[in-house]
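Undergrad: The sequence isn't on hand, but the structure is:
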């Protein structure tokens with residue numbers, strides 16, 4: 001995928017890719033830190049929550065999949081109302 005305003009792959013990052021993936025060429029770093037984290041389990045991804053209540057996104061690649069860009073942007077618009 002070509003770099004654009006919707007996709008950026010920082011292959012020089014020492015953490016790239018920060019999640020396991022079978023398609024590193026399609027790994028989007030545009031949202032390095034998920035902007036939907038504050039939504040907890042309603043973020044749209046597949047986080048886990050520990051017994052102590054801490055959210056873990058280690059197995060979630062929702063913001064890193066290029067096809068989720070539009071979904072993420074739509075959820076961002078709703079963020080103020082959801083909080």
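TA: In hand now; what should we look at? Since the structure is predicted, the reported quantities are computational estimates derived from the model, not experimental observations.
Undergrad: low-scoring stretches of the chain, by residue?
TA: Flagging of the chain using pLDDT under 70 yields the residue ranges 1-3.
Undergrad: Please determine how far the residue nearest to the spatial centre of the chain is located from residue 29.
TA: Geometric centre of the chain, nearest residue: residue 63, 2.2 Å, by CA atoms, centre = their mean. Plainly put, residue 63 is 9 Å away from residue 29 if you go by CB to CB, to the nearest Å. Backbone N, C-alpha and C define where each C-beta goes, glycine included.
Undergrad: Likewise for residue 36?
TA: Counting by CB to CB, the gap from residue 36 to residue 29 is 16 Å.
Undergrad: Have a look at these two and say which one is more surrounded.
TA: residue 36 (22 against 17; other CB atoms under 10 Å).
Undergrad: ok, that one to residue 14 distance?
TA: 24 Å.
Undergrad: Tell me which residues are up against stretch 74-83.
TA: 35-36, 38-39, 42-44 (CB atoms under 8 Å, 6 or more residues apart in numbering).
Undergrad: Please repeat the previous calculation with a cut-off of 6 Å.
TA: 35-36, 39, 44 (CB atoms under 6 Å, 6 or more residues apart in numbering).
Undergrad: Stretch 6-25 now?
TA: 1, 27-30, 61, 66, 69.
Undergrad: so which of these comes closest to residue 54?
TA: Nearest to residue 54 among the contacts of stretch 6-25: residue 61, at 19.2 Å, using CB to CB.
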